[in-house]
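A.B. asks: coords below, sequence missing:
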């Protein structure tokens, strides 16, 4: 299981369930800046690190001891913590989500902020949520991983409790805005 979420205090956090146990880390940067922000996590299994980038700039690197990630075993989820004991929803806006199979460099991350090339060999998937809330969201990569049968929360629906969990896989790029 891979989880990337924003704490109630506005700080990015990760939860990784590896072959050797559970690893969690909260980064120190408050990302509630009141403007669109490009957020990237780069998982480097060779160096046992997770790099957190904000707008293409490395903010912090977390060391992960004995990094051995299994294949994802739960449903892919954006905007909700999809665990059996939680129904925590992301409060904010997500404009896009892109995943790569390689360890992205800082220059690649900065370039990816402007858009990704569909023929990038490391591109797993690329989703744009800018065109509204459709039932299916097409994958802009050449891999065809369409997100299907999506459910959306109407902004008019009140939420008594919410968290900021919004992605369940590593090496993820997300653009967000609208944190409280």
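C.D. replies: Sure thing, it's come through. Keep in mind that this is a model prediction, so the values were computed, not measured. Numbers count the residues shown, from 1 in each chain.
A.B. asks: can you list the weak-confidence ranges in the protein?
C.D. replies: Residue ranges of the chain with pLDDT under 70: 1, 66-90, 132-134, 149-180.
A.B. asks: mind listing the helices for it?
C.D. replies: Using DSSP state H, the helices assigned to the chain run over residues 106-113.
A.B. asks: my read: residue 61 touches residue 52, true?
C.D. replies: Yes. In this structure, residue 61 is within contact of residue 52 by C-beta atoms under 8 Å, at 7.4 Å. The C-beta positions use only the backbone N, C-alpha and C, and glycine is treated the same way.
A.B. asks: which of those two has more neighbours?
C.D. replies: Using other C-beta atoms under 10 Å as the criterion, residue 61 and residue 52 rank with residue 52 on top: 24 against 15.
A.B. asks: mind checking how far the more buried one is from residue 117?
C.D. replies: Distance, residue 52 to residue 117, by C-beta to C-beta, to the nearest Å: 24 Å.
A.B. asks: likewise residue 44?
C.D. replies: 22 Å.
A.B. asks: my guess is residue 50 contacts residue 58. True?
C.D. replies: No. Contact status for residue 50 versus residue 58: not in contact, 11.2 Å apart, counting by C-beta under 8 Å.
A.B. asks: same drill for these two, tell me which one is more crowded.
C.D. replies: Using other C-beta under 10 Å as the criterion, residue 50 and residue 58 rank with residue 50 on top: 24 against 13.
A.B. asks: before I go, just wanted to say thanks for your time.
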